[in-house]
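> Quick one, fold the following:
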Amino acid sequence: MKKTWITRFALSVLLPTAAFGFAAGPALGQVFPTKPIAFIVPYGPGTGNDVIARLISNKVTENWAQPIVVDNRPGAAGAIGTDLTAKAAPDGHTILIASTSQILNQFISKVNYDILKDFAPVIVPGTLPYVLAVPNASPAKSIKELVAFAKSMPGKVNYAGTFGSLPHFLGEMLKTAGGIDITLINYKSTPDAVPDVLANRVEIWFTTMASAVPLAKAGRVKVLGVAGKQRAAVLPDVPTMAEAGFPTLDVSASFYVLAPAATPSTVVAALNREMAKALASPDVKEKLAAAGVAEKSTTPEEASAMLKTEVAGWAKVVKESGVKME
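Sure, this is the predicted structure:
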């Protein structure tokens, strides 16, 4: 009787366990990704984030059974899409392409995310210099002429940006450096400002090289200065910010592919591996260069170190600049 009871007890415990094992085995053994990946872009189409994300996602999708789908979620200087990703399931199926603006936004706006605590860095795909552009109808042919123009009409010259973003901060820096009074016109993202810039309703446009180059090549805007130690190959006639006499405006955006913080390291490694392959492909390199992007390809550890350094750097810059954001 004792043996029979033990046998029955063992079967009552082991059979459900075995059944669970058979049921759970395939799920646990599935190879990532198991469904389409949402690649959140916290700005609209045509931004630097969007250009880089689409080039990466298109190339990776060629090699993976599951597609990477770009999902534009603009608003609040990128905070909406960033917060959405931070709260997503940490399984690698929702990722974000963040940039310097998401770092800066933490110091000048109230946001619901912590860029260091809420994310697991995957890769740094590149950096992109900012430029100062003006409408083609603008009388200014240099930043110094632009400053003189703004001084002649205090408070009446506008610049395009998104509150709390890098263009907003650059506009404030120009005000300080040039001793001028210019007004922010707030847009959801860079492309939203384009119609007003082209129509000369907004006189100053800080934007990425990726957004400015096509319009500059078409003769629709004039780029007066570019960030970087050297002139951009795609705009060889445009001086650097330092050459133009405004070294404080020498700012480039770094881009970070991020996953939610608790994403398994194996998943992060898989994303990094495929994205590194995409960035190494000749066609992607060529398209990034044409957009003015300085292509990079880091390990997750290198991306994490870069992010920590940039967060600390911007915290210091904002504090020392004396710029006050409302």
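> and the nearest residue to Gly75 once chain neighbours are set aside, what element?
Of all residues not flanking Gly75 in the chain, Lys188 sits nearest, at 5.8 Å (Cβ to Cβ, 6 or more residues apart in numbering). For the C-beta atoms, the positions are set from N, CA and C on the backbone; glycine is no exception. Assigned by DSSP states H and E, Lys188 belongs to no helix or strand.
> now do Lys144
Here Lys144, judged by DSSP H and E, is contained in helix 143-152.
> now that helix: mean pLDDT?
Mean pLDDT, helix 143-152: 97.
> so how many other residues sit close to Gly48?
Residues near Gly48, counting by other Cβ atoms under 10 Å, number 29.
> Same check on Asp114?
12.
> In contact with the closest residue to it other than its chain neighbours, which residues?
Closest residue to Asp114 apart from its sequence neighbours, by Cβ to Cβ, 6+ apart: Gln106 at 7.3 Å. Each residue near Gln106 by Cβ atoms under 8 Å, 6 or more residues apart in numbering is listed here: Tyr113, Asp114, Ile115, Val311.
> So Phe149 sits against Lys141, correct?
No: here Phe149 lies out of contact with Lys141, judged by Cβ atoms under 8 Å, at a distance of 10.4 Å.
> Compare neighbour counts for these two and give me the winner.
Phe149 (17 against 11).
> For that one, give me its contacts.
Residues counted as contacts of Phe149 (Cβ under 8 Å, 6+ apart) are Ser138, Pro139, Ala140, Val157, Glu203.
> I'd like the list of those residues that fall within strands, please.
Val157 (DSSP state E).
> Now for the contacts of Phe149, which sits with the most neighbours around it?
Neighbour-wise, the contacts of Phe149 (other Cβ under 10 Å) top out at Glu203, 25 neighbours.
> Not counting sequence-adjacent ones, nearest residue to that one?
Spatial nearest neighbour of Glu203, chain neighbours left out: Val157 (4.9 Å); criterion: Cβ to Cβ, 6+ apart.
> picking that back up, state the number of residues packed around the residue nearest to Gly75.
The number of residues near Lys188, taken as other Cβ under 10 Å, comes to 16.
> so who does it touch?
Lys188 neighbours (Cβ under 8 Å, 6+ apart): Tyr43, Gly44, Pro74, Gly75, Thr162.
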